[in-house]
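> Here is my input, please return the structure:
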Amino acid sequence: MSTHIAAAPGQIAPIVLFPGDPLRAKWIAETFLDDAELYSQTRGMLGFTGTWEGHRVSVQGSGMGQPSMAIYANELFTEYDVQTIVRVGSCGALTERVKIRDIIIANGASTDSGINRVRFHGLDFAPVADFSLLRAAVEASESETLESTVHVGQLFSSDQFYSTRPEATEPFVRHGILGVEMEAAGLYTLAAFHGRRALAICTVSDHIVTGEETTAQEREQTFGDMIRIALRAATS
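Residues are numbered from 1 along each chain as shown. Sure, this is the predicted structure:
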């Protein structure tokens, strides 16, 4: 039984969907999984296991930011032998090529976090998605009937939600970054270290350029296209 998840052995499936918001985890479990059971509510970070189209799947909240995410990802990989984690989160659009409620499947993630610099002794590591998951997600987005437009590209994983240097993302946008969030780079790095599969799929909840945004309830309960892509990709 791990320190922060505190689930019993066998309660967590080899496939985990990984939203930051624990209430989104609850919504996913209630909306998409059959026979979902709560296995953890430690520190209010909810985790559920059920089935989707015959596949055993768990949903675990991760909290916000790479430090919080890393606690849960490490425990999932090392204490519960999870093989696949798909982050299903929200992000902010950094370019007008991407619209509100569009979906970004992240093939890689840049970051301003110092976590990887510590890990790699000041050198740069390129955190990327597992290719089999990436390919399966793209194929799922092409075969599913979706209301959202899907993009494949890079995210920027920031350590600050309320940035003191908003201009810092400008060179990243010029190099093709589509959106900003707070977890993907750390997740990809941990998956590489543990030899596991990881992918981040994010729905655009707010637009840094235009100022558009979704409500808290919409962010929690209406990003179904993203979940369908994630489930199809993770179980393929």
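
> what about the strands in this protein?
15-18, 34-40, 47-52, 55-60, 84-93, 103-111, 150-157, 179-181, 197-207 (DSSP state E).

> how far out from the middle of the chain is the first one?
Looking back up the chat, that one is strand 15-18. 9 Å (CA atoms, centre = their mean, to the nearest Å).

> That one - contacts with which helices or strands?
strand 55-60, helix 66-79, strand 84-93, helix 224-235 (3 or more CB pairs under 8 Å, 6 or more residues apart in numbering; DSSP states H and E). For the C-beta atoms, the positions are set from N, CA and C on the backbone; glycine is no exception.

> just those: most buried one?
strand 84-93 (a mean of 26; mean count of other CB atoms under 10 Å).

> for the record, mean pLDDT for it?
Confidence for strand 84-93, expressed as mean pLDDT, is 98.

> what's it packed up against?
strand 15-18, helix 66-79, strand 179-181, helix 184-194, strand 197-207, helix 224-235.

> Any idea which of those gets closest to Ala7?
helix 66-79 (8.5 Å; CB to CB).

> So what touches that closest one?
Residues outside helix 66-79 that contact it (CB atoms under 8 Å, 6 or more residues apart in numbering) are 1-5, 12, 16, 18, 20, 45, 60-63, 82, 85, 87, 111, 113, 115, 157, 159, 182-183, 185-187, 190-191, 194, 196.

> what sits against the residue nearest to the spatial centre of the chain?
Residue closest to the mean C-alpha point of the chain, counted by CA atoms, centre = their mean, is Arg87 at 2.0 Å. Going by CB under 8 Å, 6+ apart, Arg87 touches Phe18, Pro19, Ser62, Met69, Glu183, Ala184, Leu187, Ala198, Leu199, Ala200, Ile201, Cys202.

> Ok, Glu144 next?
Going by CB under 8 Å, 6+ apart, the list of residues near Glu144 reads Asp225, Arg228, Ile229, Arg232.

> Show me what the helix or strand of the chain with the lowest mean pLDDT is packed up against.
Ranked by mean pLDDT, DSSP states H and E, the weakest helix or strand in the chain is helix 216-221, scoring a mean of 84. In this structure, helix 216-221 packs against helix 22-32, with contacts taken as 3+ CB pairs under 8 Å, 6+ apart.

> for the helix it packs on, packing partners?
Partner elements for helix 22-32 (3+ CB pairs under 8 Å, 6+ apart): strand 47-52, strand 55-60, helix 216-221, helix 224-235.

> mind putting the helices and strands packed on strand 15-18 in JSON lines, distance to Lys26 included?
Shown next, in JSON lines, are the helices and strands packed on strand 15-18 (distance: least, CB to CB, whole Å):
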{"stretch": "strand 55-60", "distance to Lys26": "8"}
{"stretch": "helix 66-79", "distance to Lys26": "16"}
{"stretch": "strand 84-93", "distance to Lys26": "13"}
{"stretch": "helix 224-235", "distance to Lys26": "13"}
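
> and of those, who's closest to Thr149?
Between the helices and strands packed on strand 15-18, helix 224-235 lies closest to Thr149; by CB to CB that is 9.7 Å.

> what angle separates the closest one from strand 47-52?
On the basis of axes from the mean of the first three to the mean of the last three CA atoms, to 10 degrees, helix 224-235 is oriented at 80 degrees to strand 47-52.

> Could you pick out the buried ones from the contacts of helix 66-79?
2, 5, 12, 16, 18, 20, 45, 60-63, 82, 85, 87, 111, 113, 115, 157, 159, 182-183, 185-187, 190-191, 194, 196 (16 or more other CB atoms under 10 Å).
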